[in-house]
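J.: A predicted structure for the sequence below; I have some questions about it.
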Amino acid sequence: MTKRAPKSNLLARATLRVLDAVDRPAGGLFRRTPGAASRPRGIALMLTLITVTVLSAAVVEFAYSTRVNLNLSVNSADKLRSYYLARSAVNLSQLLVSFQFALQTESTEAGRGEDSDDMAQLISRAVRRSNFQLYQYVPLLMQTFSSGKLQSPVGGVNLTEWGVEGFGEFAGDFTVEVIPEEGKIDLNQFAVEEVDERDLQQLCSMIIDPSYDPIFEQKDKNGETLNRALVLSRIIDFIDTNMTAIELTSECTIRGQGGDELRPYERGDNSVKPRNAKLTHAAELYQVPGVTEAFMRAFESQFTVYPVGRPNLNVASLPIFYSVLCRNVTLPQGGSSGANASAYSLCTRSPQVQTEVLLLSLALDGIREFFSDPMSVLMAYVGGTESSLLPSAAKGQTVAFLSVNQLPSFIEDLKNDPALMAQFLTYSPAYQQMVAQNPQMLIDPINPQFPQWTVNYDRTGLMRSVSSQTPTIYRMKAVGNYGSSRTDIETVVDFGKSIRRLPDENLLTEDINDAEQVKEIKDALREMRETIPKGRVLYWSER
């Protein structure tokens with residue numbers, strides 16, 4: 001009887017055979033016939049292939065990660081550079097606009113001082129009478145900082161050729177647009193307990209143009225027609241400081257107050273409530289029930305939330321001119337609409353009055369647009385023989401309206417000269433858009449035909465409704481570009497206020513009971529009020 005080997009010996013022999021098989025070439029492991037030739041394919045080759053594959057994947061991943069990190073670093077650096085380019089554009093714009101007020105202050109003091117000579121008085125009068133607006137030249141002057149060159153239709157200057165250093169010696173570029181806020185309607189004038197109907201008429205007259213009818217013929221989700229009176233009443237209820245709903249008539253007068261102004265907000269899942277306080281941005285009107293996207297596209301640019309006072313003629317646009325004219329329409333004696341008809345009702349009920357007001361508003365908008373480009377004004381004077389561009393304009397006038405009394409004068413100039421009327425119509429952006437949508441509105445510039453003018457305008461009312469003073473609140477939109485990165489900065493700056501808040505002047509008046517230390521503090525604050533720069537930032541946005 002054969003003696004069995006112990007299990008441990010069997011396991012050892014099996015392990016030895018496996019190790020021997022691993023050590024042999026791969027072909028020998030699966031050899032089916034003793035005579036088959038083996039090929040040199042072993043575990044070393046497999047390990048090598050696996051190692052190379054793993055290392056290749058690791059190297060590729062490392063290279064990709066390095067490339068991504070590099071691009072992120074480059075983009076981050078480019079973004080930082082583009083931000084500071086945009087920031088530089090804002091700072092330079094503030095510096096240039098501040099020269100406007102420094103020039104006005106210096107010229108006024110030079111003309112009034114005891115030591116002022118004839119030349120100082122001449123310069124002082126020239127600055128005051130010209131109504132020179134430096135903000136219009138900011139885009140032109142900004143080219144110098146980014147490129148070292150000043151280009152204009154009448155010539156150019158290369159500062160680097162003159163040996164001037166520091167201009168245009170950096171990569172990237174920036175642009176800026178400076179827009180005064182004074183040509184708009186202040187929504188926050190309605191943040192009061194009782195609304196002034198004169199302010200209400202200003203707002204109503206702006207949207208009365210029949211071309212806006214499609215906006216106010218829409219219905220909300222509850223089937224209620226969003227007419228003018230309804231939309232305006234909800235806007236006022238959103239802003240005014242009381243909780244009582246206001247009701248307006250079709251004549252844009254206050255019929256009365258009553259009911260809960262929260263009722264439109266309680267429908268559906270609307271969690272928005274009336275603000276009942278001053279707005280911080282005109283876009284907050286989107287929260288008002290009934291204010292549609294079409295309404296905001298048409299009127300958002302006409303609203304502001306800053307205390308701008310009366311609309312400025314030199315920066316107003318078509319809706320503002322239309323509002324001003326509608327509120328001051330008068331019929332000549334014997335007019336068919338009745339002597340007691342209000343100006344607002346004339347604009348709402350008479351198609352003839354609507355047409356006349358619209359044409360004059362478009363022409364006034366064209367005058368404002370033409371004078372907003374200093375180069376076009378310069379070319380008009382250089383290339384023409386006239387020293388004034390309108391009969392009632394001053395010689396060499398560089399802004400649209402030197403004073404408010406030019407508004408009624410320009411209206412008469414336009415009514416008396418159809419060719420002049422047709423010429424300035426073509427400059428109006430609103431007219432260009434209307435003609436593009438409806439070619440039948442095109443006025444032949446060679447042989448212009450206008451309706452017979454049947455209405456007049458209250459001269460005193462026109463001048464009291466507007467302003468032509470130098471704007472003090474500016475919206476600056478700057479763009480910085482570096483590589484593929486772009487930064488947009490939008491800010492609103494009030495040059496009528498100091499950079500930092502200081503106590504009111506009446507609080508700094510010395511009192512006989514003040515302690516010596518208090519007197520010193522008041523003296524220092526009074527001196528600071530006189531020397532601190534102007535230009536308080538009211539709004540800042542980056543993206």
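T.: That came through, no problem.

J.: Then residue 188 would be within a strand, right?
T.: No. Using DSSP: H, G, I helix; E, B strand; the rest coil, the assignment for residue 188 is helix, not a strand.

J.: just checking, it touches residue 238?
T.: No. Counting by CB atoms under 8 Å, residue 188 stays clear of residue 238, with 11.7 Å between them. Heads up, the C-betas are built off the backbone N, CA and C, glycines and all.

J.: Those two: which is more packed in?
T.: Higher neighbour count among residue 188 and residue 238: residue 238, with 26 against 17, using other CB atoms under 10 Å.

J.: Mean pLDDT per helix and strand in this structure: which one sits at the bottom?
T.: Every helix and strand in the chain was compared by mean pLDDT, DSSP states H and E; the lowest is helix 26-29, with a mean of 49.

J.: Toward the C-terminus, what is the element adjacent to that helix?
T.: Scanning forward in sequence from helix 26-29 by DSSP states H and E, the next helix or strand is helix 43-112.

J.: helices and strands around that following helix, which ones?
T.: In this structure, helix 43-112 packs against helix 118-130, helix 138-147, strand 173-180, strand 473-482, strand 485-498, strand 534-542, with contacts taken as 3 or more CB pairs under 8 Å, 6 or more residues apart in numbering; DSSP states H and E.

J.: In a markdown table: these, plus distance to residue 289, mean pLDDT and mean neighbour count.
T.: Formatted as a markdown table, the helices and strands packed on helix 43-112 follow (distance: least, CB to CB, whole Å; pLDDT from 0 to 100; neighbours: other CB atoms under 10 Å):
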| stretch | distance to residue 289 | mean pLDDT | mean neighbour count |
| --- | --- | --- | --- |
| helix 118-130 | 48 | 63 | 14 |
| helix 138-147 | 40 | 80 | 17 |
| strand 173-180 | 30 | 92 | 20 |
| strand 473-482 | 28 | 95 | 21 |
| strand 485-498 | 28 | 93 | 19 |
| strand 534-542 | 26 | 91 | 15 |
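
J.: Make TSV from the ones you listed and add distance to residue 103 to it.
T.: Putting these into TSV (distance: least, CB to CB, whole Å) gives the following:
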stretch	distance to residue 103
helix 118-130	6
helix 138-147	14
strand 173-180	16
strand 473-482	16
strand 485-498	12
strand 534-542	13
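
J.: And the ones you listed: which comes nearest residue 412?
T.: With CB to CB as the measure, helix 118-130 is the member of those nearest residue 412 (21.7 Å).

J.: Look up phi and psi at residue 235.
T.: phi -60, psi -50 (degrees, to the nearest 10).

J.: and what of the one 10 residues further on?
T.: For residue 245, the backbone dihedrals (degrees, to the nearest 10) come out as phi -70, psi 140.

J.: Check the one 3 residues further on too.
T.: Backbone torsions for residue 248, taken as degrees, to the nearest 10, come to phi -110, psi 150.

J.: List the contacts of it.
T.: By CB atoms under 8 Å, 6 or more residues apart in numbering, the contact set of residue 248 is 200, 229, 232, 233, 254, 255.

J.: ok, now with 6 Å
T.: By CB atoms under 6 Å, 6 or more residues apart in numbering, the residues touching residue 248 are 229, 233.

J.: try residue 356
T.: residue 455.

J.: Which helix or strand contains it?
T.: Using DSSP H and E, residue 356 falls in helix 351-371.

J.: in that helix, what counts as buried?
T.: Residues of helix 351-371 classed as buried: 353-354, 356-371 (neighbour count, 16 or more other CB atoms under 10 Å).

J.: now stretch 442-456
T.: Along stretch 442-456, these residues count as buried under the neighbour rule (16+ other CB under 10 Å): 443, 450, 453, 455, 456.

J.: Same list as before, these that is, but in CSV and with distance to residue 331 and pLDDT included.
T.: Listed next are those as CSV, based on distance: CB to CB, whole Å; pLDDT from 0 to 100:
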residue, distance to residue 331, pLDDT
443, 25, 92
450, 18, 91
453, 12, 92
455, 6, 89
456, 7, 91
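
J.: Return the member of these nearest to residue 484.
T.: Comparing the buried residues of stretch 442-456 against residue 484 with CB to CB places residue 443 closest, at 45.9 Å.

J.: so which of the helices and strands packed on helix 43-112 comes closest to residue 391?
T.: Across those, the minimum distance to residue 391, taken as CB to CB, is reached by helix 118-130, at 18.3 Å.

J.: Give me the contacts around the helix or strand where residue 460 lies.
T.: Of the helices and strands defined by DSSP H and E, residue 460 is found in helix 459-465. Contact with helix 459-465 is made by 324, 328, 404, 405, 407, 408, as judged by CB under 6 Å, 6+ apart.

J.: helix, strand or coil for the closest residue to residue 226 other than its chain neighbours?
T.: In space, and not counting its chain neighbours, residue 226 is closest to residue 290: 4.7 Å by CB to CB, 6 or more residues apart in numbering. Following three-state DSSP, residue 290 is assigned to coil.

J.: Go ahead and confirm residue 290 touches residue 235.
T.: No. The pair residue 290 and residue 235 fails to qualify as a contact (CB atoms under 6 Å) at a distance of 8.4 Å.

J.: before we move on, back to that, what residues does the residue nearest to residue 226 make contact with?
T.: 226, 231, 234 are the contacts of residue 290 under CB under 6 Å, 6+ apart.

J.: For the second one, which non-adjacent residue is closest in space?
T.: Leaving aside its chain neighbours, residue 231 sits nearest to residue 290 (4.9 Å; criterion: CB to CB, 6+ apart).

J.: any idea how far that neighbour is from residue 481?
T.: According to CB to CB, to the nearest Å, residue 290 and residue 481 sit 40 Å apart.

J.: repeat for residue 248
T.: Distance of residue 248 to residue 481, given as CB to CB: 48 Å.

J.: ditto for residue 365
T.: On the measure of CB to CB, residue 365 and residue 481 end up 32 Å apart.

J.: what's the answer for residue 202, then?
T.: In this view, residue 202 and residue 481 are 40 Å apart by CB to CB.

J.: So what's the residue count around the nearest residue to residue 283 once chain neighbours are set aside?
T.: With CB to CB, 6+ apart as the criterion, residue 283 has its nearest non-adjacent residue at 7.1 Å, and that residue is residue 300. Neighbourhood size, residue 300 [other CB under 10 Å]: 15.

J.: quick one: residue 300 is in a helix?
T.: Yes. Residue 300 sits within a helix when classified using three-state DSSP.

J.: how about the helix holding residue 356 as CSV, C-alpha atoms only?
T.: Listed in CSV are the C-alpha atoms of helix 351-371, where the atom choice follows Å, rounded to 0.1, in the frame of the first residue of the first chain:
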residue,chain,number,x,y,z
PRO,A,351,-55.4,114.1,-32.8
GLN,A,352,-54.3,117.4,-34.4
VAL,A,353,-52.8,118.5,-31.1
GLN,A,354,-51.1,115.1,-30.6
THR,A,355,-49.5,115.3,-34.0
GLU,A,356,-48.2,118.8,-33.6
VAL,A,357,-46.8,118.1,-30.1
LEU,A,358,-45.2,114.9,-31.3
LEU,A,359,-43.5,116.6,-34.3
LEU,A,360,-42.2,119.5,-32.2
SER,A,361,-41.0,117.0,-29.5
LEU,A,362,-39.1,115.0,-32.1
ALA,A,363,-37.5,118.1,-33.5
LEU,A,364,-36.4,119.3,-30.0
ASP,A,365,-35.1,115.9,-29.4
GLY,A,366,-33.1,116.2,-32.6
ILE,A,367,-31.6,119.5,-31.5
ARG,A,368,-30.6,118.0,-28.2
GLU,A,369,-29.0,115.0,-29.9
PHE,A,370,-27.2,117.1,-32.5
PHE,A,371,-25.6,119.3,-29.8
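
J.: Having no further points to raise, I will conclude here.
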